[in-house]
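*Asks:* With the input below, show me the fold.
(chains A and B)
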Number of protein chains: 2
Amino acid sequence: MTKKWVYLFDEIDAALQYANDDWEKVRGLLGGKGANLGEMTRINIPVPPGFTITTEACIAYLDSSGTFPDRMWEQVQDGLADLEKRLYKKFGDPENPLLISCRSGGKFSMPGMMDTVLNIGLNDQTLARLIAMSRNPRFAYDSFRRLIQMFGNVVMGIDDALFEDIISNKRLQAGVKHDTELDADHWKAVCEKFKTVFSRQSRHPFPEDPMEQLKRSIEAVFKSWNGKRAIDYRNAANIPHNLGTAVTIQAMVFGNIGNDCATGVALTRNGTTGENVIEGDYLVNAQGEDVVAGIRQTQNLKDMSRDMPETYHEFERIAKNLEDHYREMQDVEFTIEKGKLWMLQTRDGKRTAQAAVRIAVEMTMEGMISKKKAVMRVTPEQVDFFLHPQFDPTSLKKAEQDGNKLASGLNVSPGAAVGQVAFDADIAQAWATKENKKVIMVRPETKPDDVHGMLASEGILTSRGGRTSHAALVARQFGKPAVVGVSDILIDMSNRSMTVNDLEIKEGDWISVDGTSGDIYLGKLSTIVPDIKDPWLIKLLSWADQFRHLGVWANADYPGDAKRALDYGAEGIGLCRSEHMFFETERLPHFRKMIMTDFPLERRESLEALLPFQREDFAGLFRVMDGKSVVIRLIDPPLHEFLPDHIQLLKNLSDLKLQIRDAATLKHLDDLLEEIRAKETLLKRVEILRESNPMLGLRGVRLGIVIPELTSMQVRAIFEAACMVIREGGYVKPKIMIPLTSHVNELKQQRQVLEDEAEKVMHEHDIRVDYSFGTMIELPRAALTADQIAEHASFVSFGTNDLTQTTFGISRDDAETGFLVQYMESGILPENPFETIDREGVGRLLQIAMEKGRSVRPDLECGICGEHGGDPQSIHLCHDLKLTYVSCSPFRVPIARLAAAHAAIRSGRAKPSI
Amino acid sequence: MTKKWVYLFDEIDAALQYANDDWEKVRGLLGGKGANLGEMTRINIPVPPGFTITTEACIAYLDSSGTFPDRMWEQVQDGLADLEKRLYKKFGDPENPLLISCRSGGKFSMPGMMDTVLNIGLNDQTLARLIAMSRNPRFAYDSFRRLIQMFGNVVMGIDDALFEDIISNKRLQAGVKHDTELDADHWKAVCEKFKTVFSRQSRHPFPEDPMEQLKRSIEAVFKSWNGKRAIDYRNAANIPHNLGTAVTIQAMVFGNIGNDCATGVALTRNGTTGENVIEGDYLVNAQGEDVVAGIRQTQNLKDMSRDMPETYHEFERIAKNLEDHYREMQDVEFTIEKGKLWMLQTRDGKRTAQAAVRIAVEMTMEGMISKKKAVMRVTPEQVDFFLHPQFDPTSLKKAEQDGNKLASGLNVSPGAAVGQVAFDADIAQAWATKENKKVIMVRPETKPDDVHGMLASEGILTSRGGRTSHAALVARQFGKPAVVGVSDILIDMSNRSMTVNDLEIKEGDWISVDGTSGDIYLGKLSTIVPDIKDPWLIKLLSWADQFRHLGVWANADYPGDAKRALDYGAEGIGLCRSEHMFFETERLPHFRKMIMTDFPLERRESLEALLPFQREDFAGLFRVMDGKSVVIRLIDPPLHEFLPDHIQLLKNLSDLKLQIRDAATLKHLDDLLEEIRAKETLLKRVEILRESNPMLGLRGVRLGIVIPELTSMQVRAIFEAACMVIREGGYVKPKIMIPLTSHVNELKQQRQVLEDEAEKVMHEHDIRVDYSFGTMIELPRAALTADQIAEHASFVSFGTNDLTQTTFGISRDDAETGFLVQYMESGILPENPFETIDREGVGRLLQIAMEKGRSVRPDLECGICGEHGGDPQSIHLCHDLKLTYVSCSPFRVPIARLAAAHAAIRSGRAKPSI
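*Replies:* Take a look at the predicted model:
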């Protein structure tokens, strides 16, 4: 039996049978376009008839270095005969000519090789007939010149510019600006010139024989599969090179041969809001490309219901039909030829984030799709959109066009911010609070004592720092748009200005910062502010919650954060960084004193001064969370983070010494010497605490072991707060977490200190607190010995930032603006491991830790509280490893809820929906 | 049947039977002492008869809160009866009294609880008889007072000082200095006073009844097991608390009742040289303790062969007998009572390292022990002794007594060094080379450009830094004794002096540094220089080589190192740190220029200037190693290590600026400004290269990726050198190693750069070089993905220093003088993981890497080249994990050879001996 190389659109069932009912294989055989046209035909959508030559034919053609496979051409001719029969036209017939198009179409969309030849079948004879039939010579000549141009370019490889030059010259000659202003005679002349160029360039006259036109068009499409553009595209998009392209031959229909003709595009629902109404544009007596070209003012589809009510109702019915069939909002193209509606294309429609959510929810409520499908239809990125203001796309485009884009950096905290540049935290705060200005704080990098300025600002911009720099962490925590590591910016503090590529920006100038893209603009861009309270989103997330296994908790240090986290759906606090509380203005001096003193008594006094602050913060958290888990991590960062910068101090000191010679009075000199002495004392302490590699130094549990009083104070604050809230009638569930454990003995020792103090406080208050004790696993050794650790910890939380640092041996502080960028650009690392957990290395350690930990304590509660907790890919890994929960910044909670549902559904382990 | 609580010395067979022929169990039952006395009795060594009460009796006594177990006391009396029968004496008999001793003795030696009561059986009646029989009243009264004193102290708990005071007063009264000068009447008076003290303190008269004396002595020994001293000791020495102590009852013999009596100690071979001759001391008419007390001038044992030839020959025969029996050199105590020789104790003799080696080898050659046993008899520490000069023990003791010990630090590189203090590298070099002085270089810490001074010095002392600091690494590499991290030393560079506890030491003063112990002394101590060419050692190590599986390679950067490594038995170079070559005086400027320039051309020029140096060094290595493996690691450390210190530069700059106002002339000012400008340029570059955590920063393979020209230059140098040596007729086996790989893609990329350059050079020279390509595994991620890595690497080398840092998250630079000390002191970490590989964490990663790596490439060559490569415990782990080789500094090679043999033998996987 001869192989079937050609499938009519209405032979889609035969294709399906050949492909063993595998729709993907049908797409592979007929290409996406061909398969879709067949599918529309099958469900009785009016599609101009046609047929598709299979990808197998293409492969056979290419394999035999350019011969059509056996009987393919005969099958094409049979297909053509079928078309002729259906349309009562004949291909190449001078009386009633059939015109056809020939298009490529592979399994995957490949924008780089969309080779198309339209109007095949036209020649001098059929052209004359077209003029007569359409009574529209302009249309007919225009159609013919298009055939010559496309055939010349696609089939013969003639440079398209040669054709376009002719049209330009004709416009000049005619004294017009647009092609639409050229009349029939102009186009007629163009056709003649095109033929001349064609024969001169290809050394052959333009083929008058329609069969030759068709045959060579098919060959051209086949060959285009191995064209340079196509190969490059496939390499880039990771598409296999052995698939081949299908060729779709379809009868031409025309929307531009009279006022009973039209052409248009439509979305079956509103693509901006998601509302369930058709929206679209059309043009009477026009060709498809005229609608998108924007040359003529298009009409709203509503007019069509008025002007062509019957056709419109048929269109409505078809649109509904297509939506029902594909169970998705459709983006369709149509043409009306002499009152007859033809659908030319349908595909899933593009939409905004809001529309995506609303459509998914409404389609579910309309019974079109399941909840599971609705949840899968919305991406985590689309949820993120609801959480931050964005720049208006037209405003963005304008800024680009005007050359107002200044630079790009790391997009560490999404959202759009517009404000006046302030170069330090105090100015930022003063302007924002006293003068009610909108401020963007710009710094080389931020430190803990910049936080008040950051909170007062609309957005944050730094020239240094990486994805997990202080600026990035704080910005994300508080939902402030931020871009960091913008190395093109040179900040000149003495001059209070910054320079970007020779452009100087003064303090107080307006800039716009796009934390979503990482771009910085000069001036004020306009923003769109979405609404997290969107009822459709709330519904969708509630469905997501039904499917997921992973809990979603939040990182929150203050009651305000905790409140927001709850609003966004967090089920607990997975990380309260207890040291953040030490950075506030009235607390830092006590904490510094505690670090700097050599005297135990003074140290105890400082700790006692800090106790009430910590207690009040913890009590606030407990009250808000009302019995939900609150994981409090004891102090973590190296002590020197709380001290002034070493280098800065040295420079200050040097400056002060230089001032001595200028001291005007003896009094002045005394003051100066006094200041120098004080700074020198400070410097000494800073130098003692200095470490070559602070990330691997005296921090985390090591602090608690070296200064056990610090652990005791923090534990006391937690338990006093807990007792207080319980006495008020509240519920509390504190979980105390030890950071940076590497050896189980550290845990044992700290547990003893903790239990001693906890017992003391509970005894003093005569109240039992239901608490638990656990640790971070953020060092490889802790992961490797998680069985030992689980014997002493009832929960563990993976600190994947630190774990990534040590597993890779890469310092996040330095690398993200350094060699790591080069690593990602050159493909050495597929992605930034500080953004998405590295499955092979860090993920393997997590797996080892989970297996070992749960082997000893099957109910071990396991969470993750690093930056990865809000990253969808990482959340997927957490689901796969059967973690208990992920914890992320409050602003990532909705995203995490959705991502966790996606992971559950994708893995086939979703909970049954209610 | 009644349980047997008491074993006569000649019932050792019964004990063995009870213990199922398990000698360890016999030692557990009878204690080490009791078992040994039984064993000597069994092989017919003349031992004063006696018996042992078992540890089981002790446990039963303690469990029943102080009642002798059923029939124990009767069995003791039976034992006593046996003694009486053998000696024709009777316990408590006024006519012919038997005197006995009662001693504790557990399974393990416990110096803290050696409770002994001698002369039990003496009372007023038997004393009189002893006087009569011995005709030596002084001896008899002295014996009696000892009983009262020991019984009072051990049994009744009377403070020994009360007794000693009485003796002191008596000496005063008598006007003599030593106890030996007190006569019989003095001792008689002392006895009376002792009795008074006894009855006043214990509210009981001294018991005259010998049976009561015995019973209560036994009880006292039993109880001493739970005494505070004993418990503390067991806690410290990790001895279980449930073992109990045995009690040995033995007839007293006396060497001090006439000139046919004597007492002495001896080693069956020379304990200093190991020569096979008996050496010892004895005293005629004396008691055992007089020999060791050093009050009387002892006689050499040789005199005994002259003065008591018969007894001496019997002694010789017994000594040989004991050695043959125990197959080990013995340390014996003996007493001659009226011409009758009694052996009181035998145990394995202590010996110097030289003696240990010679004895082990000679005993093997005498057929006494196997080669395997000989190899096991010598410890790696003893081998180390041969490699470094040591301080003369008497000189050490004197320095301690004179208070010349200054301080202690980390003993990072063994050996003794004496020299004049030099506070910088240039002075150290100048003094050593030009003035031929012996120098100790003293610095706060060392940097790469101090190396010339370190090489010129006898030893190195720093006040900061840890076990793997620069100073420690370099010192070990070159075998220079070094002590680092001596925080008690305050160095005042401006004054060119240092202060230790108020004592000021000027530059040029003499000090002595003990790198073996970590102690520092004022002045010049005398040293002993051992010989690595010791023929016995060479023999022993050759035997060790027969048993081991692990290869022993060396870390060597220069031909001189490689030569030494070969001399010491290295089988290859496991690590040539190619960057060390950049530190030399004529090279560093080029290297600095390479780092500092922004211009590719200048960079290339600098690299070209370095090429010939590297080529020559590599060629030298290849020539020395003559076809043995040479693993060359491409550049590893962070670039800023090659630049001046940031802080120092800032301080310099500040000082320079202060000088401006003092500039005397305009010329001077110009020079100053010029210098300031230069330093500011340097500072800028240093600041650009500065990293928060350089250990996790731009280093290792990351350098090669960021600056591929650097890799190319190094590869070119290696291959040009290889071609050169091959052309000379030599053999070369270069192995090029990429440091700090975390992702296999790094390896792929560098491999390409390497192969391109290698091919180019080989083509230029028309020579094929048989090279291989591999990587360090020194990051957790590399270990976890060793299967991927092994696809591109034909060998791997574990860098366990770095791997320990990242697995623990501990920076070796900071921690070893910081919290890690506290961690070890408080037992959180059982040992320093930078000294001995942490089995549970780092060891687990090694195991994962070995399994994964060999799963892909079964013949993957695996080595270790960190500091652990010379540590016996870590070598054991490497053997267990079936590594191919360990690589260590040349000075550790002999130690590693022995340790590898020990590991093979202990694991039961030794190669069969030839």
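*Asks:* Check the burial of A:Ile647 by counting its neighbours.
*Replies:* Using other C-beta atoms under 10 Å in any protein chain shown, A:Ile647 has 14 neighbouring residues. Every C-beta, even on glycine, is put in place using the N, C-alpha and C of the backbone.
*Asks:* That one is in contact with B:Leu650, isn't it?
*Replies:* Yes - with contacts counted by C-beta atoms under 8 Å, A:Ile647 reaches B:Leu650, the gap being 6.9 Å.
*Asks:* now chain A, which segments are flagged as low pLDDT?
*Replies:* When residues are selected by pLDDT under 70, those of chain A lie in A:1, A:111-114, A:288-290, A:292-296, A:468, A:817, A:914.
*Asks:* and the nearest residue to A:Asn300 once chain neighbours are set aside, what element?
*Replies:* The spatially closest residue to A:Asn300, leaving aside those adjacent along the chain, is A:Asp281, at 6.6 Å (C-beta to C-beta, 6 or more residues apart in numbering or on different chains). Assigned by DSSP states H and E, A:Asp281 belongs to strand A:279-284.
*Asks:* Can you give the contact residues for that strand?
*Replies:* By C-beta atoms under 8 Å, 6 or more residues apart in numbering or on different chains, the surrounding residues in contact with strand A:279-284 are A:255, A:259, A:261-267, A:269-271, A:290-291, A:296, A:298-301, A:303-304, A:307.
*Asks:* Got a quick ChimeraX command for the buried subset of these?
*Replies:* Buried residues within those, by 16 or more other C-beta atoms under 10 Å in any protein chain shown, are selected in ChimeraX with:
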select /A:255,261,262,263,264,265,266,267,269,270,271,290,291,298,299,301,304
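*Asks:* Just the ones in helices from the contacts of strand A:279-284, please.
*Replies:* Using DSSP state H, the subset of these located in helices is A:290-291, A:301, A:303-304, A:307.
*Asks:* Just the closest of those residues to chain B, please.
*Replies:* Minimum separation from chain B among the ones in helices among the contacts of strand A:279-284 (C-beta to the nearest C-beta) is found for A:Val291, which lies at 47.4 Å.
*Asks:* Now do the same contact list for the closest one.
*Replies:* Counting by C-beta under 8 Å, 6+ apart, A:Val291 touches A:263-265, A:281-283, A:298.
*Asks:* Please name the residues that touch the residue sitting nearest the centre point of chain A.
*Replies:* Residue closest to the mean C-alpha point of chain A, counted by C-alpha atoms, centre = their mean, is A:Glu381 at 4.8 Å. Counting by C-beta under 8 Å, 6+ apart, A:Glu381 touches A:Ala353.
*Asks:* Got phi/psi on A:Ile100?
*Replies:* Phi and psi for A:Ile100, reported as degrees, to the nearest 10, are phi -130, psi 160.
*Asks:* The residue lying closest to it once chain neighbours are set aside: neighbouring residues, count only.
*Replies:* Nearest residue to A:Ile100 in three dimensions, chain neighbours excluded: A:Ile120, at 5.0 Å (C-beta to C-beta, 6+ apart). Applying other C-beta under 10 Å, we find 24 residues neighbouring A:Ile120.
*Asks:* Check the one 5 residues further on too.
*Replies:* Per other C-beta under 10 Å, the neighbour tally for A:Gln125 reads 15.
*Asks:* if I look at it, how far off is A:Leu147?
*Replies:* Applying C-beta to C-beta, to the nearest Å, the value for A:Gln125 to A:Leu147 is 14 Å.
*Asks:* Common neighbours of these two, please.
*Replies:* With C-beta under 8 Å, 6+ apart, A:Gln125 and A:Leu147 have no common neighbours.
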